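Enquirer: pasted the sequence and its predicted model underneath.
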Amino acid sequence: MKKYSFLVFHRDYEAFLLKLREIGVVHIIEKEGAITEAIRQQLQQVEQTDKLIRSLEARGTQPATPAVVEDASALNDEINEILSAQASLVQRHTQLRKEMAETAPWGDFSAGIIKKLEEKDIRVRLFIASLRSWDPALVTDYDIFEISRSAGLVYFAWVDTGLPFPEIDADEVKLPAHAVSELETLKQEVEVEEARLNDRLNEIASTSLNALKAYRQQLLQDAELEKAFSTTTSEAGDKLRILEGWIPAETTEVLNRFLDQEGIFYLSESPVPGDAVPILLKNKGFASKFEMLGELYSLPGYKELDLTPFFAPFYTIFFGFCLGDAGYGVLMTIAALIARARVGKHLKPVATLVSYLGISTILFGLISGTAFGINLYETGLPGYSRMQELFVANGTDINSLLFALSLMLGGIQIIFGMVLKAANETVQFGFRYSLGTIGWIILLVGLAAVFGLNSYAGISMDVLRPWMYAVLAAGGILVLFLNTPGKNLLMNLGIGLWNSYNMVTGVMGDLLSYIRLFALGISSAILGFVFNSLALSVGTSIIGIFFMVIILVVGHSINIFMSGLGSFVHPMRLTFVEFYKNAGFSGGGRKYQPFRKLT
């Protein structure tokens, strides 16, 4: 990155900003307080419009001939008014349902007749009594009329002609404001209005969605322009404007040519320690699809290694290990490839990423011998039956091998992280500062090689012992005495001993964390097997087959969702905690966002 400072005469400043926006390469350095209340309101309007766009996209309407939208702002206001009216109608619908439930026991009475009776001093009063306290004789002895019975209650009316109310345990209720038929009419009117508003939203979604998206981009563009104005420093009695920004080093020629043509005075300089330099990741192909995952944690700091291309293969392997079902992997891959052909440009990387994870799941499903919860090692298939015989002959099974593989992958990623840490320290501070990390790499790799050769290659320790001492000596010197350049030997020794304690306990804990790969793979397979067993237990009759299909579809859908979620989260946790820690990742970078035209 290169840092630029622009000095512009105040009368030319607006035109300069507009042309700078056309070039679209400068990441403007915002000064404190650059986000004014007016800009904040503009950004809130952008966010509100974005929500409207998402709600219209969720309706799933088919695109139609685009409508001519002369005033996108008015369209935006219309949508807000429709949504507000729909919310009111939903409340009105709820009120009507409640009122209909309260009015239904009283039947379809005539409020007009009751009002005429009241004009002649005859009042009709309504009561509710429990069925246990109700006496049917009241109907013949008094001016009482039973209306209905429901849920152990009796609904009755009493004609108040001035005589005292009979002795009965009853509660008087207010006369309903509307009869049932009137409420039905009101409900139909609400439903008609809801349908009309819904049709209008469908029309907007199919014909004017692009216009609304362009309006959102224009709002955001205007807000960014205002932000550029507000982050400017004024000098020389407000006659000069100073603006600072960052640009990628490879674009300096384009920017310099523009500035020279416009006669703009500028200064260009390289970053210095302490500068908040924006980060522009430059991954391509496979690794670029994983940038969205890395950004969930943090971008690397300036001059720090971008770990995206280094964690991407591990994450792919770990996801397949955790889900570990070839059938699920096939479904994921097919769904991802279909989605990639249909979704918009901004979602294609997501679909591609899912297809990578699906392929990894297929491979690990074939290794673990699991497809839709079926244990392939027990099916008698030629390849799997032969493998099963070899497992039995060697006193092991596939699960034991997968357990060992999870620890092996963990050890490889931890060591690889340390190698990256050494490279990172060399790039940022110099080779001397990486000697302590290199010492630990020598110790861990060397000792693992010695004990591995002894255990699996049958080489005696008498032969390997000199090599082990050489590894301990070389690694120990680097770890204990050369860990912090510039300090004396005693200080380095103290720091080295403390770091050794933290490293030994930390690496063991980190390594054990990778057992989760095996555990999640086993849990996915067991849950799929349980659903298969449950489906087979319902029988083979026509009804049984019907319920069998339902159990299989619903059960495996639940398993794909739950296991897929765990397979997404836990490898990410291993990446951001164990791998990033051992790689010495600091992070804290801010994404490069150039000031550019959006519409």
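Expert: Right, received. Where do you want to start?
Enquirer: just for the stretch 1-150 of the chain, where's the confidence low?
Expert: Applying pLDDT under 70 to the stretch 1-150 of the chain flags residues 33-34.
Enquirer: domain map for the protein?
Expert: 37-102+181-223, 110-175, 308-582 (automatic domain parsing).
Enquirer: helices of the stretch 101-250 of the chain, start to end?
Expert: In the stretch 101-250 of the chain, the segments counted as helices under DSSP state H, counting those that start in this stretch are 111-119, 138-141, 180-207, 209-230.
Enquirer: helix 111-119 and the longest one, what's the angle between them?
Expert: So that's helix 180-207. 140 degrees (axes from the mean of the first three to the mean of the last three CA atoms, to 10 degrees).
Enquirer: just the last one next, same as before
Expert: With the same axes, to 10 degrees applied, the angle from helix 209-230 to helix 111-119 works out at 70 degrees.
Enquirer: helix 209-230 packs against which elements?
Expert: With contacts taken as 3 or more CB pairs under 8 Å, 6 or more residues apart in numbering; DSSP states H and E, helix 209-230 sits against helix 13-23, helix 37-57, helix 72-103. Any C-beta I mention is one placed from the backbone N, CA and C, and that applies to glycine too.
Enquirer: the same query, at a cut-off of 6 Å, please.
Expert: Helices and strands touching helix 209-230, by 3 or more CB pairs under 6 Å, 6 or more residues apart in numbering; DSSP states H and E, are helix 37-57.
Enquirer: can you check the first one too?
Expert: In terms of contacts (3+ CB pairs under 6 Å, 6+ apart), helix 111-119 is packed against no helix or strand at all.
Enquirer: please identify the buried residues of that helix?
Expert: Judged by neighbour count (16 or more other CB atoms under 10 Å), helix 111-119 contains no buried residues.
Enquirer: dump that helix to PDB, restricted to CA.
Expert: What follows is helix 111-119, C-alpha atoms only, in PDB (Å, rounded to 0.1, in the frame of the first residue of the first chain):
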ATOM      1  CA  ALA A 111     -77.800  -4.600  17.600                       C
ATOM      2  CA  GLY A 112     -80.500  -2.300  16.000                       C
ATOM      3  CA  ILE A 113     -83.400  -4.200  17.600                       C
ATOM      4  CA  ILE A 114     -81.700  -4.100  21.000                       C
ATOM      5  CA  LYS A 115     -81.200  -0.300  20.700                       C
ATOM      6  CA  LYS A 116     -84.900   0.200  19.800                       C
ATOM      7  CA  LEU A 117     -85.900  -1.800  22.900                       C
ATOM      8  CA  GLU A 118     -83.600   0.400  25.000                       C
ATOM      9  CA  GLU A 119     -85.400   3.500  23.700                       C
END
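Enquirer: hmm, back to that, want to throw the domains of the chain into TSV with distance to residue 17?
Expert: Formatted as TSV, the domains of the chain follow (distance: least, CB to CB, whole Å):
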stretch	distance to residue 17
domain 37-102+181-223	12
domain 110-175	67
domain 308-582	27
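Enquirer: ok so, going back, ok, which of the helices of the stretch 101-250 of the chain comes nearest residue 11?
Expert: helix 209-230 (14.1 Å; CB to CB).
Enquirer: could you find the closest non-adjacent residue to residue 278?
Expert: Ranked by CB to CB, 6 or more residues apart in numbering and with sequence neighbours excluded, the top spatial neighbour of residue 278 is residue 592, at 4.0 Å.
Enquirer: any idea how far residue 277 is from that neighbour?
Expert: Taking CB to CB, to the nearest Å as the measure, residue 592 falls 9 Å from residue 277.
Enquirer: tell me the secondary structure for residue 418?
Expert: Following DSSP: H, G, I helix; E, B strand; the rest coil, we place residue 418 in the helix state.
Enquirer: closest to residue 232 out of the domains of the chain?
Expert: When those are compared by CB to CB, domain 37-102+181-223 sits nearest residue 232, at 13.3 Å.
Enquirer: turn the helices of the stretch 101-250 of the chain into a markdown table, including distance to residue 398.
Expert: Listed next are the helices of the stretch 101-250 of the chain as a markdown table, based on distance: least, CB to CB, whole Å:
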| stretch | distance to residue 398 |
| --- | --- |
| helix 111-119 | 78 |
| helix 138-141 | 81 |
| helix 180-207 | 51 |
| helix 209-230 | 51 |
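Enquirer: between those helices, which one is nearest to residue 472?
Expert: Here helix 209-230 is closest among the helices of the stretch 101-250 of the chain (CB to CB), at 58.6 Å.
Enquirer: now do that closest one against helix 37-57, angle only.
Expert: 160 degrees.
Enquirer: what does helix 209-230 rub up against?
Expert: With CB atoms under 6 Å, 6 or more residues apart in numbering as the test, helix 209-230 has contacts from 17, 28, 34, 36, 39, 42-43, 45-46, 49-50, 53, 56, 69, 72, 595, 598-599.
Enquirer: thanks a lot, catch you later.
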